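1. pasting the sequence and the predicted model now:
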Amino acid sequence: MSAKINGLQLRFIALFSGIALIAFLAVATVILMLGKQTEDAQFVALSGQQSVLTQRLLKLSLLVERDVSAGQNKAGRADTLHQVLSQLRKLHYKLLDQSKTQHNSPTTDSLLRSSTPYFESTFAAASNMTATNDSAIMRNALSTIVKNDEVLVFSTQRILESYQQHAYSKLRNFRMLLVVIAVVSTLAVLIVVALVLRPSLRKLERNNKELLVLNEQLHSSYKELQISEEEIRASRDHIQTLQEHLGAKEKQYRDLVENANDIIYELDEQARFTYINPVTELITGFDKAELIGTTYWKLVVEEYKREVTDFYVQQIKERCERS
């Protein structure tokens, strides 16, 4: 029976281990795909920021050129232009570096690489605008920025759309993968249940029948035990009655001995006093503390010891009680 139960436990362990493994793989896949989706969303946001900064760079360049042409101080706008230029340069090369990790789609990589020369030309022109107050140089730089802006606005918009399409494609694939995982997980659980749980349920049913038989036997044994307990309880009550009767007899005997007018005592195997009644104290002149543990010979005069010894030896031989 124990071996059957252990086998059943092993089957259930295998069942739950299989389900746990399937769940772990499904969750791990979902977490991995969610990480990819989060990464895609970040690059979509960076691409959108690149498009916005490109347009802002053109506007700031126009404002800086206007300030210089009007003879106004360009320092504040030039600093802002320099900051936007720095941010835009970092963003573009960060997106371009993703081609090395094969994160971008081929279309996105192509758009990034084709737009890089225009970005580099724009970066150089914007840097010249922030570094000089010469109106001719600034007009040439602004002309370059305006000319590149048409290409860059179109390119950045296409790059943003490419990232969005790439992310949407991955999201669609992710949804399909979730459906596949759900179907496969369900089938796997059903297979595991069929292979492990069904035989276990059959064994459990057989074990349940055996347990029912054992339960009936146990119930029968319990009834017999109840009968035995009743008999034991009756015997215990009888013993208690006998003990009470014996206690009463002992008390009666004790009162008789304590109030007797004769010497009554008990000796152990070494002839030492283990009990004396009050009359013994009165007649011998020894109190109880002095006699208990003392040998009987202390009370026998030396000249009578031989006679007393012969008396008790003869008494033992004849097995008679004398006093």
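-> Arrived safely.
2. now do the contacts for residue 59.
-> For residue 59, no residue meets the contact criterion (C-beta atoms under 8 Å, 6 or more residues apart in numbering). For the C-beta atoms, the positions are set from N, CA and C on the backbone; glycine is no exception.
3. the one 5 residues further on too?
-> With C-beta under 8 Å, 6+ apart as the criterion, the residues that contact residue 64 are 74, 77-78, 81, 129-130, 138.
4. JSON lines for these, including secondary structure?
-> Written out in JSON lines, the entries for the contacts of residue 64 read as follows (DSSP: H, G, I helix; E, B strand; the rest coil):
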{"residue": "74", "secondary structure": "coil"}
{"residue": "77", "secondary structure": "helix"}
{"residue": "78", "secondary structure": "helix"}
{"residue": "81", "secondary structure": "helix"}
{"residue": "129", "secondary structure": "helix"}
{"residue": "130", "secondary structure": "helix"}
{"residue": "138", "secondary structure": "helix"}
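5. what is the nearest of those to residue 228?
-> residue 81 (104.8 Å; C-beta to C-beta).
6. so among the contacts of residue 64, where is pLDDT lowest?
-> Confidence by pLDDT is poorest for residue 74 among the contacts of residue 64, given 56.
7. ok, back up a step: top of the contacts of residue 64 by number of neighbours, please.
-> Taking other C-beta atoms under 10 Å to define a neighbour, the member of the contacts of residue 64 with the most is residue 129, carrying 29 neighbours.
8. burial count for the nearest residue to that residue once chain neighbours are set aside?
-> Ranked by C-beta to C-beta, 6 or more residues apart in numbering and with sequence neighbours excluded, the top spatial neighbour of residue 129 is residue 141, at 4.7 Å. Other residues near residue 141 number 24, with proximity taken as other C-beta under 10 Å.
9. state the distance from residue 141 to residue 131.
-> In this structure, residue 141 lies at 10 Å from residue 131, with C-beta to C-beta, to the nearest Å as the measure.
10. how about residue 57?
-> To residue 131, residue 57 is 15 Å away according to C-beta to C-beta.
11. the more surrounded of these two?
-> In terms of neighbours (other C-beta under 10 Å), residue 57 is the more surrounded of residue 57 and residue 131; the figures are 24 against 13.
12. quick check: that one is in a strand.
-> No - counting by three-state DSSP, residue 57 is not part of a strand but helix.
13. show me how far the helix or strand harbouring residue 214 is from its chain's centre.
-> The secondary structure element spanning residue 214 is helix 198-258 (assigned by DSSP states H and E). Per C-alpha atoms, centre = their mean, to the nearest Å, the displacement of helix 198-258 from the mean C-alpha position of its chain is 45 Å.
14. next helix or strand past it?
-> Downstream of helix 198-258, the next assigned helix or strand under DSSP H and E is strand 265-267.
15. neighbouring strands for that next one, and are they parallel or not?
-> strand 273-276 (antiparallel) (DSSP bridges).
16. what are the buried residues along the strand it pairs with?
-> For strand 273-276, the buried set under the neighbour-count rule, 16 or more other C-beta atoms under 10 Å, comprises 273, 276.
17. and the contacts of that strand?
-> For strand 273-276, the external contacting residues (C-beta under 8 Å, 6+ apart) are 263-268, 288, 291-296.
18. how many other residues sit next to the closest residue to residue 170 other than its chain neighbours?
-> In space, and not counting its chain neighbours, residue 170 is closest to residue 40: 5.9 Å by C-beta to C-beta, 6+ apart. Here the neighbour count serves as a burial measure; for residue 40 (other C-beta under 10 Å) it reads 20.
19. what helix or strand is residue 40 on?
-> Remark: residue 40 resides in helix 2-69, with elements defined by DSSP H and E.
20. gap between residue 148 and residue 88?
-> 12 Å.
21. any shared contact partners between these two?
-> Going by C-beta under 8 Å, 6+ apart, residues that sit against residue 148 and also against residue 88 are residue 119.
22. average pLDDT for the stretch of helix or strand residue 309 belongs to?
-> When elements are assigned from DSSP H and E, residue 309 belongs to helix 305-318. When pLDDT is averaged over helix 305-318, the result is 79.
23. follow-up on the earlier one: which of the contacts of residue 64 sits closest to residue 112?
-> Comparing these against residue 112 with C-beta to C-beta places residue 81 closest, at 23.3 Å.
24. ok now do the closest residue to that closest one other than its chain neighbours, which residues does it touch?
-> Distance criterion C-beta to C-beta, 6+ apart; nearest residue to residue 81, sequence neighbours excluded, is residue 60 at 4.3 Å. For residue 60, the residues meeting the contact criterion (C-beta under 8 Å, 6+ apart) are 77, 80-81, 84.
25. from the contact counts, what lies against the helix holding residue 214?
-> Counting contacts by 3 or more C-beta pairs under 8 Å, 6 or more residues apart in numbering; DSSP states H and E, the secondary-structure elements packed against helix 198-258 are helix 2-69.
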